[in-house]
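>>> here you go, sequence then predicted model.
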Amino acid sequence: MFTKTLKTMTFVLVITLLLVGTNAQANLSNSQERISLEVALDAYSVAMSTDTHQKNVYLSNQMQELVLERKAFYERFLEEGAHSNLVSISAEFVSSQIEQLSADTYSVVEVVTITGRPILQVAKDYPPYKAYVLAARMTKEPILSNYLLTQAEAVLASVQESIDAGTFEFVEVLTHTLTFDPKTGRITADTFSSESNDDSGRDKVVWVDGKPQRVEPDLTQMPDYVMYQKSIEEQALEILEDVKNVP
């Protein structure tokens, strides 16, 4: 009886050790895969944050095309939507917010800081300033005219402050769904969006037929685009209409 019990205990111990060894091996594999993913994400960040166009061994060819497209988009976004020039891009993935969705798919958050410089360098050329001055001239009411000129000076001071600052920054927070090949250590696909409570998703890319495709935002609806396209006379009339409707 004792011998039989001893054999049973030995068998259970062996099975337990085997299971512990298997779990340890699985955890090691997962740990190594996560480290490999983080290395690839670092390489992705570097590719986004530098001006070099060297081949990146951690990104597939389609992903390298996406990096170039993203840089071009941010440049176009600033120029058309904010009347500014792109100075730099700084991208960083948040390692604490990496979530494995399937065998080769991960969700991760990226914070992109975009630095721009206003194209406008003469404050008095700012369209709203010109519109307030014109509106002041158009009205026949002295009190209203003085009020509009005061508003014009306030706008002028604010614009001059922005010009003197030299550069400005805005931040995009993106949620990515990445496809990662642990055998090659490469990121092979990436869909992402900046959609949040205060962003309808103006920075959004989907994957179609093995290639990245941007969901284009309507930059013509951005305030800076509108003010540079609309005539000063039209803006002045709008100002006068707004003032008239103030209780």
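Ah, there it is.
>>> if I look at Ile15, what pLDDT would I see?
Among the per-residue scores, Ile15 holds a pLDDT of 37.
>>> so who does Ser49 touch?
Ser49 makes contacts with Ser88, Ile89, Ser90, Ala91, as judged by CB atoms under 8 Å, 6 or more residues apart in numbering. All C-beta atoms are positioned from the backbone trio N, CA, C, and that covers glycine.
>>> where does the residue sitting nearest the centre point of the chain land in three-state SS?
When the chain is reduced to its mean C-alpha position, the closest residue under CA atoms, centre = their mean turns out to be Glu172, at 3.2 Å. On the three-state scheme (DSSP: H, G, I helix; E, B strand; the rest coil), Glu172 is labelled strand.
>>> neighbours around the nearest residue in space to it that is not next to it in sequence, how many?
The spatial neighbour of Glu172 that comes closest, neighbours along the chain excluded (CB to CB, 6 or more residues apart in numbering), is Val112 at 4.4 Å. Summarising burial for Val112: neighbours were counted as other CB atoms under 10 Å, giving 20.
>>> wait, Val112 touches Phe93, no?
No. Taking contact to mean CB atoms under 8 Å, the distance of 10.0 Å between Val112 and Phe93 leaves them out of contact.
>>> what are the ranges of the strands in this protein?
For the chain, the strands identified by DSSP state E occupy 84-93, 99-100, 105-118, 168-181, 186-193, 204-208, 211-214, in order along the chain.
>>> related to what we said a few turns ago, show me how to select, in ChimeraX, the buried members of the contacts of Ser49.
For anyone working in ChimeraX, the buried entries among those, judged by 16 or more other CB atoms under 10 Å, can be selected with:
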select :89,91
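>>> closest to Asn56 among the contacts of Ser49?
Closest approach to Asn56 among the contacts of Ser49 (CB to CB): Ala91, at 13.4 Å.
>>> please report how far that closest one lies from Tyr132.
In this view, Ala91 and Tyr132 are 39 Å apart by CB to CB, to the nearest Å.
>>> do the same with Thr150
9 Å.
>>> between these two, who's got more neighbours?
Tyr132 (25 against 12).
>>> contacts only, for the nearest residue to that one once chain neighbours are set aside.
Counting by CB to CB, 6+ apart, the nearest residue to Tyr132 once its immediate chain neighbours are dropped is Ala152, at 3.6 Å. Under the criterion of CB under 8 Å, 6+ apart, the contact partners of Ala152 comprise Tyr129, Tyr132, Val133, Ala136.
>>> among those, which one sits closest to Asp224?
Top of the list for closeness to Asp224, among these and by CB to CB, is Tyr129 at 13.9 Å.
>>> contacting residues for the closest one?
Residues in contact with Tyr129 (CB under 8 Å, 6+ apart) are Ala123, Ala152, Val155, Leu156, Val159.
>>> could you dump these to TSV with pLDDT and distance to Leu237?
Written out in TSV, the entries for the contacts of Tyr129 read as follows (pLDDT from 0 to 100; distance: CB to CB, whole Å):
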residue	pLDDT	distance to Leu237
Ala123	97	23
Ala152	98	15
Val155	97	17
Leu156	97	20
Val159	97	21
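>>> my guess is the residue nearest to the centre of the chain meets Val109, correct?
No. In this structure, Glu172 is not within contact of Val109 by CB under 8 Å, at 11.0 Å.
>>> gap between Phe93 and Arg137?
When distance is defined by CB to CB, Phe93 is 53 Å away from Arg137.
>>> ok, these two, which is more surrounded?
Summary of the neighbour comparison: Phe93 and Arg137, criterion other CB under 10 Å, with Phe93 having more neighbours (22 against 11).
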